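**Student:** quick one, structure for this:
(chains A and B)
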Amino acid sequence: MKRVVITGAGTINALGQTVADTLKAMREGVCGIGPLEFRDVERLQIQIGGQVRGFEAEGRYNRQQMSLYDRFTQFTLAAAKEAIEQSGLIFSGELAARSGVVLGTAGGGVSTWDDNYRAVYEEGKNRVHPFVVPKLMNNAAASHVSMEWNLKGPSFTVSTACASSNHAMAQALSLVRSGMAPAMVTGGSESMLCFGGVKAWEGLRVMSRDACRPFSANRNGMVQGEGAGVFVFEELEHARKRGADILCEVVGFAMTSDASDIVMPSKAGAARAMSGALADAGLNREEVGYINAHGTGTAANDKTECAAVADVFGPHADRLMISSTKSMHGHLIGGTGAVELLACIMALRDGVIAPTIGYEEADPECALDVVPNEAREAEINVALSNAFAFGGMNAVIALRKV
Amino acid sequence: MNITDQVIAIIAEQAVLEPEDVTLDSSLESLGIDSLGLVESIFAIEEAFDITVPFNANNPSESDFDISSVGRIIEGIKRLKAEQA
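**Tutor:** From the prediction side, this is the model:
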């Protein structure tokens, strides 16, 4: 089995349009959540989100590209460029033939669906642009990354709601670990912040109208975000031979299914995913210093997740740190695990634990060290990143310092 | 702008050329317009003239709309507009 490391990272989200800006914001506990701005927002009950601002597709992409790139693809291409350029890899010959791209997204081109439904239903038009299908399809972002960077190996898109990115990165890890691919571009993206995208979430009545306060007793729901996180996963020896800067090692993962309820999370399913990732990585639970929580800020997730952590880690649960950066960038749905992996990398590389901001009141059902409100300096060697999706599909990734 | 000038403007934009470089006997292929560019041009023509162009990308030669040159396309549009009137 090959060892797998991360040699490039890129992102765009409400906190920043590069990894450096995002990590700076996380260190400073910046809240990227604010009033939403888009057509018909006044008809929504939920009017806040972690929206990407100042990202102009014009100038970045030409007219033909604009007609093919939904916003989730635009985000992905920006993040992929940052990650691949950082890695220094040039995909040609055998490397290109065997390397691919696996990305997660829950909704794909949601705003393309939204705009075109509006055109035919509300405006009564009988004709839509010919590229609606290639623009909205869930694999559009992965396809454009493959074309832009000459990735000719295994490429596909994974869609498991809020665990999409973690499931995608787990697939990339498997492909590199098995020797099938020397390197994989992986992560995920989401762009649901449009009228239809937020209206659908409103229906579930799990959204907060004012803030995302994970683990706080007065939490009142989740807040949507948008953006992308993209990484280069590379076989360790391949990276060493070319003297690449290694950000951290991806040591293991596990995927479980609750097989119980379409929306309510299960403690057992979450616990099995965390303990499975430790077993896969060959780690003792005492080695884990930080968990980037799924931490959505809903009543159900946060108490279930804390109970699962307590079950898996026993007495060590009180010594490790667990935080939810969704409090800052919002819930990026299918892209969330990818952006949150950045907090794990910062913990391992820089010794800075991103905080859970908006924390106001202790909850006895979430009695863990949630790194409230302020980032903390700490030397840790192993971090886990949790993602627990609607549909009861869970994926946890384990990272280790190199 | 008359129909001819409008169609030339649409095709020139698609081909990223100046309208002067698009002549009536140019074929779309010679202007560098590929199959995706072709369906996008037809969409733009339908929007501009409020017509439905009977064009099937699976079988362009058997469609009831001749796209072999810019001039033929303009003739087809004129016919469709006349039928509409």
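**Student:** next helix or strand past the strand or helix carrying A:R272?
**Tutor:** Per DSSP states H and E: A:R272 is located in helix A:267-281. Later in the chain than helix A:267-281, the nearest helix or strand by DSSP H and E is strand A:288-292.
**Student:** skip the chain neighbours and tell me the closest residue to the residue of the stretch 151-300 of chain A at minimum distance from chain B.
**Tutor:** Closest residue of the stretch 151-300 of chain A to chain B, C-beta to the nearest C-beta: A:S155 (20.3 Å). To be clear about C-beta, it is placed using only N, CA and C from the backbone, and glycine gets the same treatment. Distance criterion C-beta to C-beta, 6 or more residues apart in numbering or on different chains; nearest residue to A:S155, sequence neighbours excluded, is A:G100 at 4.1 Å.
**Student:** that neighbour is in contact with A:S146, isn't it?
**Tutor:** Yes: A:G100 is within contact range of A:S146, at 6.9 Å (criterion: C-beta atoms under 8 Å).
**Student:** who's more crowded, those two?
**Tutor:** A:G100 (25 against 21; other C-beta atoms under 10 Å in any protein chain shown).
**Student:** from A:G188, how far out is that one?
**Tutor:** Distance from A:G100 to A:G188, counting by C-beta to C-beta, to the nearest Å: 15 Å.
**Student:** which strands and helices lie in contact with the helix or strand where A:T22 lies?
**Tutor:** Using DSSP H and E, the element containing A:T22 is helix A:19-27. Here helix A:19-27 touches strand A:4-13, helix A:326-329, helix A:336-350, strand A:352-353, going by 3 or more C-beta pairs under 8 Å, 6 or more residues apart in numbering or on different chains; DSSP states H and E.
**Student:** mean neighbour count, these: which tops it?
**Tutor:** helix A:326-329 (a mean of 31; mean count of other C-beta atoms under 10 Å in any protein chain shown).
**Student:** ok, residue 1 - contacts?
**Tutor:** In the absence of a named chain, chain A is used. When contacts are counted by C-beta atoms under 8 Å, 6 or more residues apart in numbering or on different chains, A:M1 is found next to A:R177, A:S178.
**Student:** sorry, should have said chain B
**Tutor:** Residues counted as contacts of B:M1 (C-beta under 8 Å, 6+ apart) are B:A9.
**Student:** now it: which helix or strand?
**Tutor:** Here B:M1 is assigned to no helix or strand, by DSSP H and E.
**Student:** now do A:E237
**Tutor:** Here A:E237 is assigned to helix A:236-241, by DSSP H and E.
**Student:** spell out which parts of the stretch 101-250 of chain A neighbour chain B.
**Tutor:** The stretch 101-250 of chain A comes close to chain B at residues A:R127, A:H129, A:P130, A:F131, as judged by C-beta under 8 Å from any C-beta of the partner chain.
**Student:** make it 10 Å
**Tutor:** With C-beta under 10 Å from any C-beta of the partner chain as the criterion, the stretch 101-250 of chain A meets chain B at residues A:K125, A:N126, A:R127, A:V128, A:H129, A:P130, A:F131, A:P134.
**Student:** the helix or strand bottoming out on mean pLDDT in chain A close to chain B?
**Tutor:** Ranking every helix and strand in chain A by mean pLDDT, DSSP states H and E puts helix A:63-68 at the bottom, with a mean of 90. Yes: contact of helix A:63-68 with chain B (C-beta under 10 Å from any C-beta) involves A:R63, A:Q64, A:S67, A:L68.
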